[in-house]
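J.: with the input below, show me the fold.
(chains A and B)
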Amino acid sequence: MDIGGIYFYFFNVDIMLKVFPALLSGLWVTIKVSMTIIAIGFSLGLILAVIRSLEIKYIGKPINAFIRVYVDLLRASPYLVLVSLVYFALPFIGIQLSTFWATVVSFGACLSAFAEEIFRAGIEAVGRDQKEAAKSLGLTFLQTMRYVILPQAIRISIPTLTNRTVAITKAISMASAIALPDLLKQARSAQALVANPTPLVQAAIMYVILFYPFVRLTLHLEKRMGKES
Amino acid sequence: MDAIIENFFNMEVLFRSRYLLLDGFQTTLRLIVLIVLFGQAFGLVLAVMRHANRPYLNPLLIGYVDIVRSMPILVLLMLIYYALPFTGIRFPRFWAATLAMSLNGGAYYSEIFRSGIEAVEKGQIEAARSVGLTYLQTMRYVVLPQALRIVLPPLTSNTLELIKASAVASVVALPDILKMARQAQSLTLNPTPLVGALILYLIILLPLVQLVTHFEKRFPHHA
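T.: Below you'll find the model as predicted:
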């Protein structure tokens, strides 16, 4: 194929300008969903990690076992299978979620599972000594967590967590399969409308622009952490 | 409770859709084996090329890895399956999926292999070269055997993620396990086959998750 053909089919500026508003609205959906998933995933993950390190008498063991099963199952489930289950299967028992919330629930649950593992590893890394020292100073469990353990644990968790978050927010494009009007879905619709694959190329470029800084950030954080440890 | 069993764990429906599910599972298994194999081979080649440190190759390699890592795997698959045919290059579904996921996997694997190669002490490479081994021999007999052992934990967790991503092949209508489960669902008007698909995936992936957890405990900084 000649240069003109490549230009016409993949980098057609007329088409790019025409479909840009639609793609922008898709990008906005992608960003909104990502933000919601990050908020839910991080907070749920942190809560679960703290519960798991509580070591409550009697009921602690079954609760921990339950959290472990939750985490393992979600870490092992392909995102697309999960989101299909939530969107196509749950309505059969009367739970009908919009595409937005079906995406948020399935991906948020996945992120919470990864975040739990990462935060827990961080909490364990801070160590028992500090916990006991704080306790002997008269701090309650929650105070110990709030002022001693978590500030350090979260800091340790940041590189791994960023890495995982980038991976999961990238995977949100899979929700276009349940017709979430995200960037990829808008690009596919636009492609069908103009009978030209330029919108797909354009969406790919927009994705790269969106995620490239975070990919670089992850590498940078990992390198810095590697030096410290 | 009855509604949950009736709709999600309906043995009769599962039995009726067994051929579809197993058919799809077979396709998924073939896809998984190929993408893990090709992805790792490609990643290894990229890593060795990057380590060879050729000034004209480096920008290309870095650019490739960064761009692929910034692009969702489904976007790459759609570019290959829906956009590439306009240039006259047309892949069947299965090979489009294999190509997209191997290209994506290769970028991630290459970073992992590279960190392993870099972790092997430089002196060993110099020693190997000074006893007369060529660059490729040094890689084959001295560096890679050690590097592979170092990177086993991230290698496993990356393989887990790559296998999870294989489900996106159903979006281009490859008759994989997810696609077949959706088809069985619309035939039986019952979502049990979807649960069946998830269970088949879990059979492969849960042991991998256990392995990753095991590595994370043993080498907390490498996973």
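J.: longest helix of chain B, counting residues only.
T.: In chain B, assigned by DSSP state H, the helix with the most residues is helix B:18-52.
J.: the helix or strand bottoming out on mean pLDDT in chain B: how far from the chain's middle?
T.: Sorted by mean pLDDT, DSSP states H and E, the helices and strands of chain B end with helix B:2-8, the least confident at a mean of 86. Taking Cα atoms, centre = their mean, to the nearest Å, one finds the center of helix B:2-8 at 34 Å from the center of the full chain.
J.: that helix near chain A at all?
T.: Yes - applying Cβ under 8 Å from any Cβ of the partner chain, one finds helix B:2-8 touching chain A at B:A3, B:I4, B:N7, B:F8. For every residue, glycine as well, the C-beta is placed using N, CA and C.
J.: any bit of the longest helix belonging to chain A sitting next to chain B?
T.: In chain A, with assignment by DSSP H, the single longest helix is helix A:13-54. No - using Cβ under 8 Å from any Cβ, no contact is recorded between helix A:13-54 and chain B, whose separation bottoms out at 9.7 Å.
J.: counting contacts, what elements does that helix pack onto?
T.: helix A:60-76, helix A:99-126, helix A:150-171, helix A:183-194, helix A:198-228 (3 or more Cβ pairs under 8 Å, 6 or more residues apart in numbering or on different chains; DSSP states H and E).
J.: and the fourth one, what does it pack onto?
T.: In other words, helix A:183-194. The contact analysis (3+ Cβ pairs under 8 Å, 6+ apart) places helix A:183-194 against helix A:13-54, helix A:198-228, helix B:73-78.
J.: let's have those helices in CSV, adding distance to A:S189 and mean neighbour count.
T.: Formatted as CSV, these follow (distance: least, Cβ to Cβ, whole Å; neighbours: other Cβ atoms under 10 Å in any protein chain shown):
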stretch, distance to A:S189, mean neighbour count
helix A:13-54, 7, 18
helix A:198-228, 8, 17
helix B:73-78, 12, 25
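J.: minimum distance to B:V151: which of these has it?
T.: The closest of those to B:V151 is helix A:198-228. By Cβ to Cβ, the value is 13.4 Å.
J.: re earlier: dump the helices and strands packed on helix A:183-194 to JSON lines, plus mean pLDDT and distance to A:I67.
T.: Shown next, in JSON lines, are the helices and strands packed on helix A:183-194 (pLDDT from 0 to 100; distance: least, Cβ to Cβ, whole Å):
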{"stretch": "helix A:13-54", "mean pLDDT": "94", "distance to A:I67": "5"}
{"stretch": "helix A:198-228", "mean pLDDT": "88", "distance to A:I67": "26"}
{"stretch": "helix B:73-78", "mean pLDDT": "96", "distance to A:I67": "29"}
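J.: which one of these lies closest to B:V209?
T.: B:V209 lies closest to helix A:13-54 among the helices and strands packed on helix A:183-194, at 16.1 Å (Cβ to Cβ).
J.: and the residue nearest the centre of chain B, what does it touch?
T.: Using Cα atoms, centre = their mean, the residue of chain B that lies closest to the mean C-alpha position is B:L162, 2.9 Å off. By Cβ atoms under 8 Å, 6 or more residues apart in numbering or on different chains, B:L162 lies in contact with B:I35, B:V36, B:G39, B:M101, B:N104, B:G105, B:Y108.
J.: pLDDT (mean, whole number) over the helix or strand it falls within?
T.: Under the criterion of DSSP states H and E, B:L162 resides in helix B:152-165. The average pLDDT within helix B:152-165 is 94.
J.: now do that helix: distance to the chain's middle.
T.: 7 Å.
J.: what's the answer for stretch A:212-229, then?
T.: The chain centroid and the centroid of stretch A:212-229 are separated by 18 Å under Cα atoms, centre = their mean.
J.: give me the contact list for that stretch.
T.: Against stretch A:212-229 from outside (Cβ under 8 Å, 6+ apart): A:I158, A:P159, A:T162, A:N163, A:V166, B:D66, B:I67, B:R69, B:S70, B:E111, B:H221.
J.: before we move on, the earlier item: right, is the helix or strand following the least confident helix or strand of chain B up against chain A?
T.: For helix B:2-8, the following helix or strand on the C-terminal side (DSSP H and E) is helix B:11-16. No - counting by Cβ under 8 Å from any Cβ, chain A has no neighbours in helix B:11-16; the shortest distance is 11.3 Å.
J.: pull the number of nearby residues for residue 10.
T.: Since you didn't name a chain, this refers to chain A. 20 (other Cβ atoms under 10 Å in any protein chain shown).
J.: my bad, chain B
T.: By other Cβ under 10 Å, neighbour count at B:N10 equals 19.
J.: roughly how far does it sit from B:L200?
T.: 16 Å (Cβ to Cβ, to the nearest Å).
J.: give the burial count for B:A167, as a bare number.
T.: Neighbour tally, B:A167, other Cβ under 10 Å: 28.
J.: wait, which of the helices and strands packed on helix A:13-54 is closest to A:T30?
T.: Among those, the nearest to A:T30 by Cβ to Cβ is helix A:183-194 (4.7 Å).
J.: my read: A:Y147 touches A:L137, true?
T.: No - in this structure, A:Y147 is not within contact of A:L137 by Cβ atoms under 8 Å, at 10.4 Å.
J.: where does residue 143 land in three-state SS?
T.: The chain I'm using is chain A. Secondary structure assignment for A:Q143 (DSSP: H, G, I helix; E, B strand; the rest coil): helix.
J.: give me the pLDDT value at the closest residue to it other than its chain neighbours.
T.: Ranked by Cβ to Cβ, 6 or more residues apart in numbering or on different chains and with sequence neighbours excluded, the top spatial neighbour of A:Q143 is A:A134, at 7.5 Å. Here, the pLDDT recorded for A:A134 equals 88.
J.: one more: A:I56?
T.: pLDDT for A:I56: 74.
J.: which residue, other than its chain neighbours, is closest to it?
T.: Spatial nearest neighbour of A:I56, chain neighbours left out: A:I63 (7.1 Å); criterion: Cβ to Cβ, 6+ apart.
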